[in-house]
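A.B. asks: Sequence and predicted structure below; questions after.
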Amino acid sequence: MSELQDARVRGPRAYLTFIVIGMLAGLLSGLFGVGGGTVIVPLLVLMLHFDQRLAAGTSLAAIVPTASVGVISYAASGSVAWIPALILAAGAVVGAQIGTRLLPRISQNALRWGFVVFLVIVIVSLFVVIPSRDAVFELGWINGIALVVVGVGTGIIAGLIGVGGGVVVVPVLMLAFGTSDLEAKGTSLLMMIPTAISGTFGNLRHRNVDLVAAGIIGLSACTMTALGAWLATLIDPFAGNMLFAAYLAFIAIQMAIKALRSRPRRG
C-alpha cells in the first residue's frame, strides 16, 4: 500500500467502518451460508478506497474466522455434511488455480455476463424448488464425483471473477443435490475454510492482504454470524429461498453494472 492509501484506511473512521462491514458480512454469512466477500469487497473499495485486489485478499482472510463460527453454529443443529464439504473444498482449491491461469486468456465481460445468466437461472429456480428441512445428503460414488466437478467449477469461477463459494455452492446443493437449505449453508461454510486459507497464503506472498483490516472485519463478523445462522433456522424454507434470491439479485446487478462500465467505448 502507498502512504496515501494507508492514510485513507487508518484512523477512527476506518476502524469503525471495518467493524460495520464485518458485522454486516457476518450476519449475511450466517443467514445465507456465504463468505460475505460480495459485501466486504465493494464496501472496502467504495468507502475506504481500497485497491480491488487488496480488498479481495483482505476479504478472503476475513472469511476464515467468519466461516469457522458459522460452521460451529450450523454443526450444533447437525446441519453440516462434513465429507461432502471437504470434497468440495479439494475441488475448489484445484479449480482456483485453473481459474487464475485462465484469467489472462478470457474476456472478463463475457465471464460476468455468463455469471449473471447463471444467477438469473438460480433465482428463478428458487421460486420453483423449495428444499425440505428433513432432506439428508447421502454420499455415493455418482454424487461424490459430481461434488468434485462442482468444487472445481466453483474454484474456477472464484479464480476468474472473484465470486464463488456460497453463492454457487448453496443453490447447487439445494437444487441439484436435494439438500436441505440449512445443510447446504453449513456445508458451504465449511468448504470455504480450507479454500480461504489456501487463497490467503497466496495473497500474503503477493502482499494483497491488509491483516489489520482483515482481523477487525473477521472478529466483528464473528459477533453476528451465529445470530445469522440462528435466524436461518427460524425462517421457513420458502421465505429463506426468497431472501436468498434477493441477495443473488443484488449480486447479479452488481456484476451487470461492472460489465456495462467496462465495455470498450466506441470512438
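C.D. replies: In hand now; what should we look at?
A.B. asks: Please tell me how far G153 sits from N241.
C.D. replies: In this view, G153 and N241 are 22 Å apart by C-beta to C-beta, to the nearest Å. For glycine as for every other residue, the C-beta is placed from the backbone atoms N, C-alpha and C.
A.B. asks: With neighbour numbers in mind, choose between these two.
C.D. replies: With neighbours defined as other C-beta atoms under 10 Å, G153 and N241 compare such that N241 has more, 23 against 19.
A.B. asks: From what I see, the more buried one and S180 are in contact.
C.D. replies: No: taking contacts as C-beta atoms under 8 Å, N241 lies outside contact range of S180: 11.9 Å.
A.B. asks: Not counting residues beside it along the chain, what's closest to S262?
C.D. replies: Nearest non-adjacent residue to S262, counting by C-beta to C-beta, 6 or more residues apart in numbering: N109, 6.0 Å away.
A.B. asks: Can you report how many residues lie near the one you found?
C.D. replies: 15.
A.B. asks: got any ranges where the stretch 151-267 of the chain has weak pLDDT?
C.D. replies: 162-164, 264-267 (pLDDT under 70).
A.B. asks: P84: which element?
C.D. replies: Assigned by DSSP states H and E, P84 belongs to helix 82-102.
A.B. asks: what residues are shared contacts of N241 and S180?
C.D. replies: Counting by C-beta atoms under 8 Å, 6 or more residues apart in numbering, the contacts common to N241 and S180 are P131.
A.B. asks: which stretches of the stretch 151-267 of the chain form helices?
C.D. replies: For the stretch 151-267 of the chain, applying DSSP state H, counting those that start in this stretch gives helices covering 166-175, 181-205, 211-234, 237-261.
A.B. asks: in which helix or strand would I find the residue nearest to S262?
C.D. replies: Taking DSSP H and E as the definition, N109 sits inside helix 108-128.
A.B. asks: List the buried residues of that helix.
C.D. replies: If you call a residue buried by 16 or more other C-beta atoms under 10 Å, then helix 108-128 has these buried ones: 111-112, 114-116, 118-119, 122-123, 126.
A.B. asks: Ok, stretch 68-83 next?
C.D. replies: 68-74, 79-81.
A.B. asks: again, but for stretch 11-22
C.D. replies: Using 16+ other C-beta under 10 Å as the test for burial, stretch 11-22 gives 14, 17-19, 21-22.
A.B. asks: List of residues touching the strand or helix carrying I145?
C.D. replies: Using DSSP H and E, I145 maps to helix 141-161. Under the contact criterion C-beta under 8 Å, 6+ apart, helix 141-161 has outside partners 84, 87-103, 106, 108, 111-112, 115, 163-165, 168-169, 172, 176-177, 191, 195, 199, 255.
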